[in-house]
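A.B. asks: Generate coordinates for the sequence data below:
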Amino acid sequence: MKKPRLALLLLSLLASGAHASSDDAWAEYDTRVATACSAASTLKQAKPAGGLAHFDDRVGYTAVLIAGRYRPAHMKNRQGSELCLYDKKTGTAYVTEWAPPAPAAKR
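C.D. replies: As a prediction, this is how the structure comes out:
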């Protein structure tokens, strides 16, 4: 009779510990993605412009929009944005220029 209670107690402790570390693990992962994407960016003062888009593990990527300023002098320090895809398996960040869609023409 004591063994089932002990097993139940141990399982409940393990479950609560895993749940408590889950938020910390997600925060650490989000920081890792933001840091990798900012470092991979070609923009000055690059930083995430919003929240991360966590795709299903079957896709294998997390996406984030990065905002900053263009580096080339001819760009005159204009604001720019890049889309970053973070590969969950390799920890590699890939960026490409991202421009907001042009406004629709008025009729």
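A.B. asks: Skip ahead from the lowest-mean-pLDDT helix or strand in the chain and say which helix or strand is next.
C.D. replies: Least confident helix or strand, the chain: helix 2-40 with a mean of 72, by mean pLDDT, DSSP states H and E. Using DSSP states H and E, the next helix or strand after helix 2-40 towards the C-terminus is strand 44-48.
A.B. asks: Give the pairing partners of that following strand; include direction for each.
C.D. replies: strand 61-69 (antiparallel) (DSSP bridges).
A.B. asks: Tell me the buried residues in the partner strand?
C.D. replies: Y61, T62, V64, L65, I66, A67, G68 (16 or more other C-beta atoms under 10 Å). C-beta coordinates here come from the backbone N, C-alpha and C atoms, glycine included.
A.B. asks: Pick the one among those closest to V33.
C.D. replies: Nearest to V33 among the buried residues of strand 61-69: T62, at 5.3 Å, using C-beta to C-beta.
A.B. asks: residues contacting the closest one?
C.D. replies: T62 makes contact with V33, L52, A53, H54, F55, L85, Y86, K88 under the criterion C-beta atoms under 8 Å, 6 or more residues apart in numbering.
A.B. asks: R71 too?
C.D. replies: Contacts of R71 by C-beta under 8 Å, 6+ apart are T42, L43, K44.
A.B. asks: Can you say which of the residues you listed are buried?
C.D. replies: L43.
A.B. asks: how much space between A36 and P103?
C.D. replies: 32 Å (C-beta to C-beta, to the nearest Å).
A.B. asks: Only the buried subset of the contacts of T62, as a PyMOL command please.
C.D. replies: Selecting only the buried entries of the contacts of T62 in PyMOL, with 16+ other C-beta under 10 Å as the criterion:
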select buried, resi 33+52+54+85+86
